[in-house]
Structures are given as structure tokens and as C-alpha cells.
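Participant: need coordinates for the below:
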Amino acid sequence: MTENIKKTPLNSEHRKHGGRLVPFAGFEMPVQYAGVIEEHMAVRTAAGIFDVSHMGEIEVKGPDALPYLQKISSNNVAKLADGQIHYTALTYTNGTFVDDMLIYKYDENHYLLVVNASNTDKDFAWCQKNTDGFDVKVTNLSDKYAQIAIQGPKAQAILTPLTDVDLDAIKYYWFTEGKVEGAECIVSRTGYTGEDGFEVYCKPEDAVKIWQAMMKEGEKYGLQPAGLGARDTLRLEAKMALYGNDIDDTTTVLEADLGWICKLKKGDFNGRDVLLKQKEEGLKRMLVGFEMVDKGIARHGYPVVDNGKEIGYISSGSFAPYLKRNIGLAYLPIELTEIGTEFKVGIRGKELKAKVVETPFYKREK
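Facilitator: I've put the predicted structure just below:
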């Protein structure tokens, strides 16, 4: 098994900084360095640097690129300006998730899809399967990119001296091309932490020098390398969905409380008829944020129970290091989804109380 595991170009850097490496989505990735809580707090208060080179990149080019992407995804690609990005669902015909992804628009005939590492091959196959009748070329460019995310209130100060890009000019969910540490890169104002920050896409051979330059520049700001553990607690505080936990091929876009990326009026797309019917008839369950009332942490997969009967499940749950509360996301029957509603979670043979709360749990000050 281990002989097939991939390594990102930054593997030696993780080892150098004491990263604890684990198999993740077919890659050897750092789960933590100094510790999840310390890394989480560094991102919230200063900055953290993440290796996200395992993510997949799929290029879509051709005269039919726009109508093709409108067909395979739920958000309205026609609304994107050149240089803009949006979050969307790659949908099956039953309205569930092949994956969630970002779409980067270069121009009307050229887009880049950024997908989850564990789904790259599946997503690429699905994208290719859906090209019939469209004049497009779909290419898996995942091996051509390394990706480094620098996140937190000090991220811009750290990146500024290393790039010729005017970072002030990049709005949230926009991108440009330029040099970072002398290397040609894509620089986007995006992230998976709930903080301001940037994601830098570079050639694999340029990743180490860019990482090292960021680490050196970040020393005076309290920059820390951060692993998968902190990435998970940060995204949970910000209520950002995780494929395989909160969304998958059994959950629809509407059930996942992602109606804002489901543009039913844009015209036909995979799953639209199912989602439209679901909206008209009313949801039977929905993903909600909750906080534990009783002492305990509700983890992924734990049952939501009513008199011993399972009526829902926890999709994500953790201690929230910045908020200092036990929080999570759960699929609940629609009648239990109102803010303030209490329900019970089965944790180690006990039924412990939790309550539905507003999300995101954490929202940074602008």
C-alpha cells in the first residue's frame, strides 16, 4: 500500500519542520507540526502556511467551455468575470455531489477547476464523460501544479515583499498571474480557513524556494507551518463543507445547506430537475451547525438519537480551538433544524444534549 503513496514537492520541508506525516488522499501529508491548537491559533491571530499541492487541477478550454460548465455545475458560471473565482458543486444527475470545487475564469473559453485530492481521478473521468455535444478540451493538469496556501491576518504582509503582484488589487475570490520569489504563479485570494489569505499555484520545481521564502519572511510575524488537523478545525469553525464528511454522493446540494451555490434559474444542469422538485416539495433533512450543551465531542459518524432511535448523524465535530467550544455539523430531520432546537447525540453509549446554532461559528472581522 505505502509504495503507491505520492509525495508532494514539499515533503522534505515537512520533515525538516517536524511534520507528522500520514497517508491522506493518496499522498503523504503533514497532519500537524507543533500541534493542532497552536497551528490553528497562529492562523487566527498571525498566519499559517499549508501545503495543498495534493489538490487537483482540471483545465477546461474551448468555444463551448461556458455552456459545458453550466451543464456540469450548480452555480452560475455566466456571472463570473475574467479573473474571478466561485465555489460550486460538480453534480450528479440526482442532485448529489461528485465533488465541490472552485472554478477560476481566465476568459470565456478558458477555465481552471480546483477539486479535492481524493476525487481528482473520479472528477476528471466525470468531466470527460460529460463532454458529448460540447466543443471543449478537458485536461488533468494536477501534476503540473504545486499549491501553497498562506492564511491569516498577517498573510498579505508576508507575501507582499516576495511578489510583483499588487495584492491590494486582488479582491476576495479573484486571482491574477505574476511572480512569487521570481517564479511564475497564479495568486488567488482564497482559502479554506475563514481568514484572509492567498493560495499560490506554482510549478512543482518552484515550490520549495517559495515555501522557504514565505517561512523566512514570516518569522517576524509568527508564521507557522500548519497541517491537516488545523485545516480541519479552521474550516469547521468557518462552516466550510468537507467532501466525504459533510457532502458526498448521498447528499444533495440543497440538503447540504448550499442553496446559495444552486442557481436553479440559470437553465438546465445535471440534477436541476431533482433539486427543483426537492425545493418545491420541501426538504426532509438539512445540514446544520450545532454546539454541545452537555460535556463531550460529537465526532463524524456519531448518531443523532431520539429515544434510542437514530434520526440523523454527525458529519463533522471537534473542539473549536479559537471559540473554545465543542461544535459540529449534523444532518437533522427538517423539523429539528430551527436555531435553538435541542437534540441528542449518541456518544459512547450515552445520549448527550446539543443545540442548533447559527453558522458560520466563526466570522473574521473585516
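
Participant: quick one, what contacts residue 263?
Facilitator: Taking CB atoms under 8 Å, 6 or more residues apart in numbering as the contact definition, residue 263 lies against 74-76. C-beta: built from backbone N, CA, C; applies to glycine.

Participant: who touches stretch 71-80?
Facilitator: Counting contacts by CB under 8 Å, 6+ apart, the residues touching stretch 71-80 from outside are 66, 69-70, 86-91, 101, 103, 105, 111, 126-127, 130, 134, 253, 261-263, 266, 268-271, 275.

Participant: what about that stretch, distance to the chain center?
Facilitator: In terms of CA atoms, centre = their mean, to the nearest Å, the centre of stretch 71-80 is set 18 Å apart from its chain centre.

Participant: now it: buried residues?
Facilitator: Applying a neighbour-count criterion of 16 or more other CB atoms under 10 Å, the buried positions in stretch 71-80 are 71-77, 80.

Participant: end to end, how far does it reach?
Facilitator: Using CA to CA, to the nearest Å, the span of stretch 71-80 from its first residue to its last is 15 Å.

Participant: repeat that for stretch 73-80.
Facilitator: With CA to CA as the measure, the first residue of stretch 73-80 is 13 Å from its last.

Participant: quick one: the strands in the stretch 101-250 of the chain, in order.
Facilitator: Secondary structure of the stretch 101-250 of the chain (DSSP state E, counting those that start in this stretch): strands located at 110-115, 137-140, 146-151, 175-180, 183-188, 197-202, 224-225.

Participant: which one of the ones you listed lies nearest to residue 305?
Facilitator: Across the strands of the stretch 101-250 of the chain, the minimum distance to residue 305, taken as CB to CB, is reached by strand 110-115, at 34.8 Å.

Participant: quick one, the closest one and strand 146-151 angle?
Facilitator: Comparing the axes of strand 110-115 and strand 146-151 via axes from the mean of the first three to the mean of the last three CA atoms, to 10 degrees yields an angle of 70 degrees.

Participant: buried members of the contacts of stretch 71-80 into PyMOL, please.
Facilitator: If you want just the buried ones from the contacts of stretch 71-80 in PyMOL, going by 16+ other CB under 10 Å, the selection is:
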select buried, resi 66+69+70+86+87+88+89+90+91+101+103+105+111+126+127+130+134+253+261+262+263+266+269+270+271+275
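
Participant: rewinding a little: between the contacts of residue 263, which is closest to residue 172?
Facilitator: If you rank the contacts of residue 263 by distance to residue 172 using CB to CB, residue 75 comes first, at 15.9 Å.

Participant: help me confirm that that closest one is found in a helix?
Facilitator: No - secondary structure assignment places residue 75 outside any helix; it is coil (DSSP: H, G, I helix; E, B strand; the rest coil).

Participant: ok, and the closest non-adjacent residue to it?
Facilitator: In this structure, residue 75 finds its nearest non-sequential neighbour in residue 88, 3.7 Å apart by CB to CB, 6 or more residues apart in numbering.

Participant: repeat that for residue 135.
Facilitator: residue 64 (4.4 Å).

Participant: the one you found and residue 273: what is the separation?
Facilitator: Using CB to CB, to the nearest Å, one gets 22 Å for the distance from residue 64 to residue 273.

Participant: neighbour count: these two, which is higher?
Facilitator: Set residue 64 next to residue 273 and count neighbours by other CB atoms under 10 Å: residue 64 wins out with 17 against 14.

Participant: please tell me how far that one sits from residue 269.
Facilitator: In this structure, residue 64 and residue 269 are 14 Å apart, going by CB to CB.

Participant: tell me the contacts of residue 4?
Facilitator: If a contact means CB under 8 Å, 6+ apart, then residue 4 has residue 26 as its contacts.

Participant: OK, contacts around the residue most central in space within the chain?
Facilitator: Against the mean C-alpha coordinate of the chain, by CA atoms, centre = their mean, the closest residue is residue 192 at 5.2 Å. Counting by CB under 8 Å, 6+ apart, residue 192 touches 52, 149, 231, 234-235, 240.

Participant: what of residue 237?
Facilitator: For residue 237, the residues meeting the contact criterion (CB under 8 Å, 6+ apart) are 194, 320, 322-323, 327, 360-362.

Participant: equivalent analysis for residue 100, please.
Facilitator: Shown here is residue 100, whose contacts under the criterion CB under 8 Å, 6+ apart are 87-90, 116, 241, 243, 247.

Participant: strand partners (parallel or antiparallel) of the helix or strand harbouring it?
Facilitator: Assigned by DSSP states H and E, residue 100 belongs to strand 97-107. Applying DSSP bridges, strand 97-107 is found paired with strand 85-91 (antiparallel), strand 110-115 (antiparallel).

Participant: contacting residues around residue 104?
Facilitator: In this structure, residue 104 makes contact with 85, 111-114, 175, 186, 188, judged by CB under 8 Å, 6+ apart.

Participant: quick check, nearest of these to residue 19?
Facilitator: Within the contacts of residue 104, the smallest distance to residue 19 is 23.0 Å, found for residue 114 (CB to CB).

Participant: from residue 170, how far off is the closest one?
Facilitator: As for residue 114, its distance to residue 170 is 16 Å (criterion: CB to CB).

Participant: where does residue 340 land on pLDDT?
Facilitator: Predicted confidence (pLDDT) at residue 340: the value is 98.

Participant: residue 18 contacts residue 33, correct?
Facilitator: Yes - when contacts are counted by CB atoms under 8 Å, residue 18 is listed as touching residue 33 (5.5 Å).

Participant: in terms of neighbours, single out the busier of those two.
Facilitator: Counting neighbours by other CB under 10 Å for residue 18 and for residue 33 shows that residue 33 has the greater number, 20 against 11.

Participant: now the terminal residues of stretch 284-300, how far apart.
Facilitator: Counting by CA to CA, you get 21 Å between the two ends of stretch 284-300.
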